[in-house]
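Engineer: Have a look at this prediction, sequence included:
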Amino acid sequence: MKLKDTKVTTSIIKRFSQDLLDLTELDVAVVGAGPSGLTAARYLAKANVKVAVFERNLHVGGGLWGGGILFPRVVVQESAKGIFEEIGIELKSTNGGYYTVDSVEAVSKCTASAIDAGASIVVGFNVEDVLIREGDRVSGVVINWAAVELAKLHVDPVGVRAKVVIDATGHEASIARIVQRKIPGAKFPTSTGGVVGEKPMWAEVGEREIVRNTREIYPGLIVTGMAVNAVFGLPRMGPIFGGMLFSGKRAAEIALKKIRI
Ligand code: 48H
């Protein structure tokens, strides 16, 4: 059979245009494909919610790949290990109550399980803005090719409607910061009413408070993962990941309640 270059081209363009069109109306848009975003997406998809994760890098996993000091292993505490076990990740008890996980296995299985549950994950897309509708509600995200941003090209983005947006952008808390910058008078339930900024490392407090503070911070906008610590001014925790998993699961539960109202 003769290979036809144009068939390769049209296959890709047809398939991805169709996939992208299908993502213009979502129940939930998750921004960031780190551990918290992938976990939130998996639980939402399992509950039959139409969910897509937008990730600006060409790879998923966020800060999970590198483990601690580039040793590709991360730690999960006893209470959180079930969330990894559910998706077939092997945990080794190396230090009473602390379990270690291969970070490559963790990224791969968090990603595969979210996709298998029905979540869409699109890489290479930067979320550069939000849609505000119905008064003052975050009602979607504004996306552009990450390459456009990197090349500093002046190219306009497009909008994606979503009933709920989850900011899973890690240390940056980029979606919360956009809302703060663009909506004068926007008030978050934090000590300053805005993004407070992450505090120095203290694993015990960071891990406890991230879960407690995972919530809707503005109508239609839920924060999860390290973005919670940045928004609420909580300590970072280093390479322990139970809080990220619990926070992602919690964000999914909150989003689910909002969608089902
Ligand atoms: C599209 C975006 C945008 C944008 C950012 O950093 P992450 O892994 O985030 P979490 O919160 O799921 O996990 C945090 C964890 O990895 C970590 O850093 C820990 C535990 N640190 C502890 C410590 O003490 O330092 O993933 C966030 C993802 C990344 O892949 C970004 O590329 C992506 O979000 N992202 N994608 N549009 N505007 N902003």
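Structural biologist: Thanks, I have it.

Engineer: burial of N48, as a residue count?
Structural biologist: For N48, the neighbour count with other CB atoms under 10 Å is 11. For glycine as for every other residue, the C-beta is placed from the backbone atoms N, C-alpha and C.

Engineer: Can you name the residues of the stretch 51-200 of the chain that neighbour the ligand?
Structural biologist: Within the stretch 51-200 of the chain, the positions adjacent to the ligand are 54-57, 62-64, 126-127, 168-170, 172, 174 by CB under 6 Å from any ligand atom.

Engineer: so which of those residues is the most crowded?
Structural biologist: Neighbour-wise, those (other CB under 10 Å) top out at A168, 34 neighbours.

Engineer: For that one, which non-adjacent residue is closest in space?
Structural biologist: Nearest residue to A168, sequence neighbours excluded (CB to CB, 6 or more residues apart in numbering): G37, at 3.1 Å.

Engineer: Output the helix or strand hosting that neighbour as PDB, nothing but the C-alphas.
Structural biologist: Element membership for G37, per DSSP states H and E: helix 35-46. Provided in PDB are the C-alpha atoms of helix 35-46 (Å, rounded to 0.1, in the frame of the first residue of the first chain):
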ATOM      1  CA  PRO A  35      -1.200  14.700  41.300                       C
ATOM      2  CA  SER A  36      -4.000  16.800  42.700                       C
ATOM      3  CA  GLY A  37      -5.600  17.600  39.300                       C
ATOM      4  CA  LEU A  38      -5.300  14.000  38.000                       C
ATOM      5  CA  THR A  39      -6.800  12.700  41.200                       C
ATOM      6  CA  ALA A  40      -9.700  15.100  41.100                       C
ATOM      7  CA  ALA A  41     -10.300  14.300  37.400                       C
ATOM      8  CA  ARG A  42     -10.300  10.600  38.100                       C
ATOM      9  CA  TYR A  43     -12.900  10.800  40.800                       C
ATOM     10  CA  LEU A  44     -15.100  13.200  38.800                       C
ATOM     11  CA  ALA A  45     -14.900  11.000  35.700                       C
ATOM     12  CA  LYS A  46     -15.800   7.900  37.800                       C
END
